[in-house]
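J.: Give me coordinates for this.
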Amino acid sequence: MKVVIPTLNPSRYINKDSLLLKRGEDLILIDSESEENLKDFIDENVVKIYSIPRRSFNHGATRNIGARLARDMGSKIVVFMTQDAIPADASWLEHLIAPIISGEAVATFARQIPRRDASLVERFSRYFNYPSKSMIREEADIARLGVKAFFFSNVCSAVRIDAFWELGGFPENVIMNEDMTLAAKLLRAGHRIKYVAEAEVIHSHDYTIKQQFRRNFDVGAFFVEAGPELAGARVGGEGLRFVREQLKYVLRHGRADLVPLAIVEAAAKFTAFQLGKRHRYLPKNLKKKLSMHSYHWDQKETS
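T.: The predicted structure is shown next:
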């Protein structure tokens, strides 16, 4: 098994005191020209570092490089993490890969719990998307769950490597949500995926309204070009349920002052999502300003 992490100046998160390195896992870092010298703070005996030009980073293609290296090293399972995901305890990896080893599922993803200093609004987001109960999903669940059936996060995930490559790995032409596309392909191929609540990593973002807008512009652009794997999956209902439950959550915690923020954030997300779905009518320079992943539009033009 290998753990693949795309990196860019990761010393804030990955260091010799981290739970990840204390376990001595065989890490593969796909590094986008960090200014930091990774070997200064990572034990080179347990780390493979593969450098790529920063301009070539792509959520799907970069992780495929790591998965290809893992396969060539004889790995049966590949674990994907982001550099800002911190294992919550020493048992996270055993929990994460146990369903794959037992044959219960071919892919798993971990629970994300918010950082201590996360805002109340962000805490709700993590608890809503990553509940305390594990669950299995298969193709029959798509009609009932809609797009939620494909929810899968490379912040911390694991995949049986033969199934991963039989389906072509991650798409290399999407702006984001390469993990969701892989989950859709796995389900439609008859495989099962499992959300493993016992595998916990600390990960959260307190995005500003502007950052939320730019992220959801990219989400809209992704869905309009997602391809046949996501065809027919309902999207809107889950967003409305999120807003409704978020408002209840802040009121239950006595923070009525956050209601305007939650409403403005929801409006920004909805507007950005709809705009992203119509990105083909916008000039490239404007798309780059509206997008969190502005490099995608340059890569798309040259691909």
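
J.: what's near enough to touch the nearest residue to residue 152 once chain neighbours are set aside?
T.: Residue nearest to residue 152 in three dimensions, not counting chain neighbours: residue 183, with 3.6 Å by C-beta to C-beta, 6 or more residues apart in numbering. All C-beta spots, glycine's among them, are computed from the backbone N, C-alpha and C. Contact partners of residue 183, counting by C-beta atoms under 8 Å, 6 or more residues apart in numbering, are 107, 150-152, 193.

J.: again, but for residue 176
T.: 59, 218-219, 222, 292-293.

J.: Check the gap between residue 157 and residue 182 for me.
T.: As judged by C-beta to C-beta, to the nearest Å, residue 157 and residue 182 stand 9 Å apart.

J.: ok, these two, which is more surrounded?
T.: Using other C-beta atoms under 10 Å, the more surrounded residue of residue 157 and residue 182 is residue 182, with 28 against 23.

J.: neighbours of residue 166, just the number please.
T.: 14.

J.: Please apply the same query to residue 167.
T.: Other residues close to residue 167 by other C-beta under 10 Å number 19.

J.: Scan the contacts of residue 176 and report the most crowded one.
T.: That'd be residue 218 among these, by other C-beta under 10 Å, with 24 neighbours.

J.: How about the backbone phi and psi for that residue?
T.: When read as degrees, to the nearest 10, the backbone of residue 218 gives phi -70, psi -40.

J.: next one: residue 198
T.: With angles defined as degrees, to the nearest 10, residue 198 sits at phi -70, psi -20.

J.: For residue 158, see how far away the spatially closest residue to it that is not a sequence neighbour is.
T.: Excluding its sequence neighbours, the residue lying closest to residue 198 (C-beta to C-beta, 6+ apart) is residue 95, at 4.1 Å. Residue 95 sits 10 Å away from residue 158, going by C-beta to C-beta.
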